[in-house]
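Chemist: Structure here, sequence nowhere to be found:
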């Protein structure tokens, strides 16, 4: 199986998870039920689910009054984009000759 294919599958799964967690936490907030920790929401975004988390945050109108989510989630996405760009543009050789 192609490694790019596996990376795409991983990113789709983490973004769907980030989106779903925002919706689940919003529903739990309305019902005053046990909530998903904010650290978990940020962790999912950091490991690759930032786009899904951002979409879920605004679609469900969840955590949009917290400045650290309004700034943190897009900042995580920008850092991820920068790291991917850096990996593609730097002429790094990982061969150990």
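Modeler: Happy to help now that I have it. Predicted model only: the values in this text are computed from it and were never measured. Numbering: from 1, shown residues only.
Chemist: Quick check: buried residues in the top helix by length along the chain?
Modeler: For the chain, the helix with the greatest residue count under DSSP state H is helix 3-30. Of the residues in helix 3-30, those buried by neighbour count under the rule 16 or more other C-beta atoms under 10 Å are 11, 14, 15, 17, 18, 19, 21, 22, 24, 25, 26. C-beta coordinates here come from the backbone N, C-alpha and C atoms, glycine included.
Chemist: ok, so of these, who is nearest residue 67?
Modeler: In terms of C-beta to C-beta, no member of the buried residues of helix 3-30 lies closer to residue 67 than residue 22, at 16.9 Å.
Chemist: pLDDT wise, what is the nearest residue to that closest one once chain neighbours are set aside at?
Modeler: The spatial neighbour of residue 22 that comes closest, neighbours along the chain excluded (C-beta to C-beta, 6 or more residues apart in numbering), is residue 56 at 3.0 Å. Looking at residue 56, its pLDDT reads 96.
Chemist: Show the contacting residues for residue 73.
Modeler: Contacts were defined as C-beta atoms under 8 Å, 6 or more residues apart in numbering; by that measure residue 73 touches 42, 45, 50, 53, 54, 57.
Chemist: could you redo the last one with a cut-off of 7 Å?
Modeler: Residue 73 is in contact with 45, 50, 53, 54, 57, counting by C-beta atoms under 7 Å, 6 or more residues apart in numbering.
Chemist: Also residue 89?
Modeler: For residue 89, no contacting residues are found, by C-beta under 7 Å, 6+ apart.
Chemist: Now do it against residue 6, distance only.
Modeler: Counting by C-beta to C-beta, to the nearest Å, the gap between residue 89 and residue 6 amounts to 22 Å.
Chemist: Name the spans of this protein whose pLDDT lies under the cut-off.
Modeler: Along the chain, segments meeting pLDDT under 70 span 92-97.
Chemist: same thing but 80
Modeler: In the predicted model of the chain, residues 1, 91-97 satisfy pLDDT under 80.
Chemist: ok, of the contacts of residue 73, which one's closest to residue 79?
Modeler: The shortest separation between residue 79 and any of the contacts of residue 73 is 8.9 Å, and it belongs to residue 50 (by C-beta to C-beta).
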